[in-house]
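S.K.: everything below, folded, please.
(one chain, ligands or ions: 2)
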Amino acid sequence: MTSPVSDSKRDRVIIFDTTMRDGEQSPGASMSLEEKLELAKILEEMGVDVIEAGFPIASNGDFEAVREVSKIVTESTVAGLCRAHQVDIDRCHEAIKHAKRGRIHIVIATSPLHMKHKLQMEPEAVLEAITKSVGHARNLCGDVEWSAEDATRSERDFLRRAIETAIKAGATTINLPDTVGYTYPSEYADLFKYMVENVEGADKAIFSTHCHNDLGLAVANSLAGVQGGARQVECAVNGLGERAGNAALEEIVMALKVRGDQLPYETGIVTQHITRASRYVSAITGFPVQFNKAIVGKNAFSHESGIHQDGMLKNRETYEIMRPEDVGQGATNLVMGKHSGRHAFREKLKGLGYELGQNALNEAFGRFKDLADKKKHVFDDDIIALVDDALARGSEKIRVVRLRVVAGTEGQSAELTLDVDGEVKTAHATGDGPVDAVFNAIIEIVPHSAALRLFQVHAVTEGTDAQAQVSVRLEDDGRIATGQAADTDTLTASAKAYVNALNNLFSRKEKGRPETAIASGF
Ligand SMILES: CC(=O)SCCNC(=O)CCNC(=O)[C@H](O)C(C)(C)COP(=O)(O)OP(=O)(O)OC[C@H]1O[C@@H](n2cnc3c(N)ncnc32)[C@H](O)[C@@H]1OP(=O)(O)O
Ligand SMILES: CC(C)C(=O)C(=O)O
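M.R.: Ligands and ions are numbered 1, 2, ... in the order given. Okay, here's the model as predicted:
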């Protein structure tokens, strides 16, 4: 007979990870033996209490995975799943017998629908199968979990009898799965409360949740189950699982940690390992983690809006209810984009080594907003390029005002407007290619004898929307001047770089300096 579960066990929630069993039931999420062994190590290090490593009767591969995981795991309990069949249980026992702590997990359905159509068994025969299977398992292993498949669509009184039968036969954990993700939080909480209060022998077992996400309620339902008296939660990393998945381990754990005022139960999870586990599972299954996924998504701790960024800079708790470091996500990320404000921009520049005065900051901020309107991602390198560009442009006499280029198979021409010492001038030119046409237009507006010695383009960042960074070198009478510019439009960047080089050349001439001048410090 099992003994009552101690009070200390009821103060904590046991985390039962089923990524390798239910998670692997997701079509396309198969994992190799090596991957499962590595995952088992990660889960153990993370402090998972029970690792369900497979369904040993399902295949030799599953058997081997449960057996090998059992051999290497020493802290966590290793469980294998079985139907209420002796052959399944014996095979499972064979696999977990190497574990320091092994668990046999038996499932059989208790809902009228499943019993009638799937099992084709009378309810009384199901009760008999529970007695036989759980009793057999208990003779082999001291830790037996029994699951009432489709518990949430089962008749309450029959479910109560089935649970009592399982406990009487020696089950130490009673799992009430919401197999098809059908239940509601209040209903699920009430189911546990009712069973904990009414099942004879309830104090001899730990009650457990196992929720599927068909209605997106898996995590909410699991927490409601805990509210109702469950002290084990079955879940999977990244919410992997059959169909729409299982309750996500990381969400359950952090909801318990962050809102201990609502559910004052500890877990043994070292939360700093959560992101590593998530990334590993995503890598081996090939299932990407959506950007806005709670806890482990790329954007979970990223802030782009100016008002939020300003709040974060003043006090991070304004917009973060947990710290990214606590889940192994690194630092908070203030993403620079079109919704960012001056506070965040100034902070970003400080981080990049720039301290600008108010006017220069405003000028750079205006250019940044224009860039962010054009470009989906503004990277640090983009900001460096535009600030350097703005600094370089500070003292120039010639400025690009407008550029229009026609390119393609019909020929190339450029219509360019420059501000030359306050006078706005426009020229129209053709050329051998659009860049040549742009440079010819500049020469038409500002006639000069300098020769083009270098024209170089490279992308500041990746992607077709990347800024082009253009370098131009001009030589006139032994004087060399270089100009650089960056823009999402390569031709605009080319015009600005050329004009920048001209400004430098003229400035050198005025100062009588023959040496090389490099306009901006990229
Ligand atoms: C809710 C869950 O996630 S439960 C776990 C689901 N996971 C899996 O099914 C993955 C592993 N499964 C498998 O590899 C295979 O289904 C096996 C090896 C278990 C069984 O394969 P097969 O013997 O070919 O049977 P098949 O899968 O076609 O049908 C299932 C049989 O098990 C019976 N069965 C289903 N659940 C149970 C159960 N919990 N206890 C006893 N019998 C059950 C069915 O009634 C059916 O019996 P029948 O052949 O007499 O009609
Ligand atoms: C085996 C059980 C726990 C299950 O996966 C379910 O009912 O969803």
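
S.K.: hey, where'd the strands end up in the stretch 101-250 of the chain?
M.R.: 102-109, 144-149, 173-178, 206-211, 232-235 (DSSP state E, counting those that start in this stretch).

S.K.: average pLDDT across the first one?
M.R.: Averaging pLDDT along strand 102-109 gives 98.

S.K.: first vs last residue of stretch 169-177, how far apart are they?
M.R.: By CA to CA, to the nearest Å, the extent of stretch 169-177 from end to end equals 20 Å.

S.K.: and the residue nearest the centre of the chain, what helix or strand is that in?
M.R.: A centroid search over the chain (CA atoms, centre = their mean) returns Gly297, at 2.2 Å, as the residue closest to the centre. Under the criterion DSSP states H and E, no helix or strand holds Gly297.

S.K.: I figured it hits Pro288, correct?
M.R.: No. Using CB atoms under 8 Å, Gly297 is not in contact with Pro288; the gap is 10.1 Å. The C-beta positions use only the backbone N, C-alpha and C, and glycine is treated the same way.

S.K.: flag every buried residue along stretch 306-315.
M.R.: Neighbour-count burial for stretch 306-315, counted by 16 or more other CB atoms under 10 Å, picks out 306, 308-313.

S.K.: now do the helices in the stretch 1-150 of the chain.
M.R.: 7-10, 33-46, 60-72, 86-96, 112-113, 123-140 (DSSP state H, counting those that start in this stretch).

S.K.: and Ala277, which of those is closest to it?
M.R.: Nearest to Ala277 among the helices of the stretch 1-150 of the chain is helix 33-46; the distance by CB to CB comes to 5.1 Å.

S.K.: which ones are touching Ala236?
M.R.: By CB atoms under 8 Å, 6 or more residues apart in numbering, the contact list for Ala236 reads 17-19, 22-23, 245-249.

S.K.: which residues touch the spatially closest residue to Arg316 that is not a sequence neighbour?
M.R.: Closest residue to Arg316 apart from its sequence neighbours, by CB to CB, 6 or more residues apart in numbering: Thr332 at 6.5 Å. Going by CB under 8 Å, 6+ apart, Thr332 touches 301-303, 312, 316, 320, 323-324.

S.K.: hang on, the earlier thing: out of the buried residues of stretch 306-315, who's nearest Cys211?
M.R.: Of all those, His308 has the smallest distance to Cys211: 31.8 Å, by CB to CB.

S.K.: is it true that the closest one lies in a helix?
M.R.: Yes. Counting by DSSP: H, G, I helix; E, B strand; the rest coil, His308 is part of a helix.

S.K.: check what pLDDT it gets.
M.R.: pLDDT at His308 comes out at 94.

S.K.: excluding chain neighbours, what is closest to it?
M.R.: Distances taken as CB to CB, 6+ apart place Tyr319 nearest to His308, at 4.9 Å, with adjacent residues excluded.

S.K.: quick one: that neighbour from ligand 1, how far?
M.R.: Noted for Tyr319: a distance of 39 Å to ligand 1, by CB to the nearest ligand atom, to the nearest Å.

S.K.: from memory that residue sits against Ile307, does it?
M.R.: No. If you go by CB under 8 Å, Tyr319 and Ile307 don't touch, sitting 9.2 Å apart.

S.K.: convert the helix ranked longest in the chain to PDB, retaining C-alpha atoms only.
M.R.: Across the chain, the longest stretch assigned as helix under DSSP state H is helix 490-511. Output in PDB follows, covering the C-alpha atoms of helix 490-511 (Å, rounded to 0.1, in the frame of the first residue of the first chain):
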ATOM      1  CA  THR A 490      23.200  53.000 -53.800                       C
ATOM      2  CA  LEU A 491      23.000  55.900 -56.300                       C
ATOM      3  CA  THR A 492      22.200  58.500 -53.700                       C
ATOM      4  CA  ALA A 493      25.100  57.200 -51.600                       C
ATOM      5  CA  SER A 494      27.300  57.400 -54.700                       C
ATOM      6  CA  ALA A 495      26.300  61.100 -55.300                       C
ATOM      7  CA  LYS A 496      26.800  62.000 -51.600                       C
ATOM      8  CA  ALA A 497      30.200  60.200 -51.500                       C
ATOM      9  CA  TYR A 498      31.400  62.000 -54.600                       C
ATOM     10  CA  VAL A 499      30.200  65.400 -53.300                       C
ATOM     11  CA  ASN A 500      31.800  64.600 -50.000                       C
ATOM     12  CA  ALA A 501      35.100  64.000 -51.700                       C
ATOM     13  CA  LEU A 502      34.800  67.200 -53.600                       C
ATOM     14  CA  ASN A 503      34.100  69.200 -50.400                       C
ATOM     15  CA  ASN A 504      37.200  67.700 -48.900                       C
ATOM     16  CA  LEU A 505      39.300  68.500 -52.000                       C
ATOM     17  CA  PHE A 506      38.100  72.100 -52.100                       C
ATOM     18  CA  SER A 507      38.700  72.500 -48.400                       C
ATOM     19  CA  ARG A 508      42.300  71.100 -48.700                       C
ATOM     20  CA  LYS A 509      42.900  73.500 -51.600                       C
ATOM     21  CA  GLU A 510      41.600  76.500 -49.500                       C
ATOM     22  CA  LYS A 511      43.900  75.500 -46.700                       C
END
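
S.K.: distance between it and the chain's centre?
M.R.: Distance of helix 490-511 from its chain centroid, counting by CA atoms, centre = their mean, to the nearest Å, is 45 Å.

S.K.: report the buried residues of that helix.
M.R.: For helix 490-511, using 16+ other CB under 10 Å, the buried residues are 490-508.

S.K.: show me which residues of the chain sit near ligand 2.
M.R.: Taking CB under 6 Å from any ligand atom as the contact definition, the chain meets ligand 2 at 22, 81, 107, 147, 149, 175, 177, 179, 210, 212.

S.K.: repeat the analysis, applying 5 Å as the threshold.
M.R.: Near ligand 2, the residues belonging to the chain are 22, 107, 147, 149, 177, 179, 210 when assessed by CB under 5 Å from any ligand atom.

S.K.: identify the farthest-apart pair in those residues.
M.R.: Longest span within the residues of the chain next to ligand 2, CB to CB: Asp22 and Glu149, 11.9 Å.

S.K.: returning to what we had before: what sits against the residue nearest to His308?
M.R.: So, once contact is read as CB under 8 Å, 6+ apart, Tyr319 ends up touching 303, 308, 311-312.

S.K.: returning to that earlier point: now the buried residues of stretch 306-315 as TSV including distance to Met121?
M.R.: Shown next, in TSV, are the buried residues of stretch 306-315 (distance: CB to CB, whole Å):
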residue	distance to Met121
Gly306	63
His308	56
Gln309	60
Asp310	64
Gly311	59
Met312	58
Leu313	63
